[in-house]
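**Q** starting from these lines, generate the structure:
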Amino acid sequence: MHEQLLQMMEFGDTFIVLPSGFGTLEELFQIVSWPQLNIYQKPKGVLNINGFFDGLLSFLDHDVEQKFITQSARQILISASITEELIDKLQAFHFEPDLAISQLKWPIESSQKQEIDLSLCL
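**A** Numbering: from 1, shown residues only. A predicted model of the protein is given here:
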């Protein structure tokens with residue numbers, strides 16, 4: 001895990017993503033997946049200035065329609081076009097995890113090891 005993200009996890013109350021490039025998008029998707037894995041439950045949002053993230057948000061909604069992302073997981077990423085609205089939404093955020101996935105416990109440090117039972121029950 002990137003050292004910068006670890007510091008933000010430790011000291012930050014939220015993640016707010018501003019319009020930018022591939023590196024930020026990579027980090028955005030990484031942190032958006034964490035609540036599903038019980039790694040980091042704090043709110044995450046995008047400041048959708050001038051509709052910059054409209055295409056991305058539409059893509060995520062399409063993934064929900066196609067059942068690649070659950071509605072619960074989609075709610076992890078909050079968006080607003082003005083700062084005050086985004087902050088209000090982030091402060092009101094409460095994540096309801098998907099029950100099957102929320103049972104997993106993932107180590108934050110790569111040196112920690114954990115066994116996961118992946119046996120198939122029919």
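**Q** isn't I49 right up against P19?
**A** Yes - judged on C-beta atoms under 8 Å, I49 makes contact with P19 at a distance of 5.7 Å. Just so you know, the C-beta spots here come from the backbone N, C-alpha and C atoms, and that holds for glycine as well.
**Q** and for the nearest residue to F95 once chain neighbours are set aside, the neighbour number?
**A** The shortest distance from F95 to any non-neighbouring residue, by C-beta to C-beta, 6 or more residues apart in numbering, is to P35 (5.1 Å). Other residues lying near P35 total 23 when counted by other C-beta atoms under 10 Å.
**Q** report pLDDT for the residue positioned nearest the centre of the chain.
**A** Nearest residue to the geometric centre of the chain (C-alpha atoms, centre = their mean): V32, 1.3 Å. For V32, the pLDDT comes out at 90.
**Q** and it, how far from E65?
**A** For V32, the distance to E65 equals 18 Å [C-beta to C-beta, to the nearest Å].
**Q** next: E85.
**A** 25 Å.
**Q** check which residues of the helix or strand hosting Q7 are buried.
**A** Using DSSP states H and E, Q7 maps to helix 3-11. Neighbour-count burial for helix 3-11 flags L5, M8, M9 (criterion: 16 or more other C-beta atoms under 10 Å).
**Q** which residues does it contact?
**A** F15, E27, Q30, I31, Y40, K42, I108 (C-beta atoms under 8 Å, 6 or more residues apart in numbering).
**Q** among those residues, which are in strands?
**A** Using DSSP state E, the subset of those located in strands is F15.
**Q** now restrict the contacts of helix 3-11 to buried residues only.
**A** F15, E27, I31, Y40, K42.
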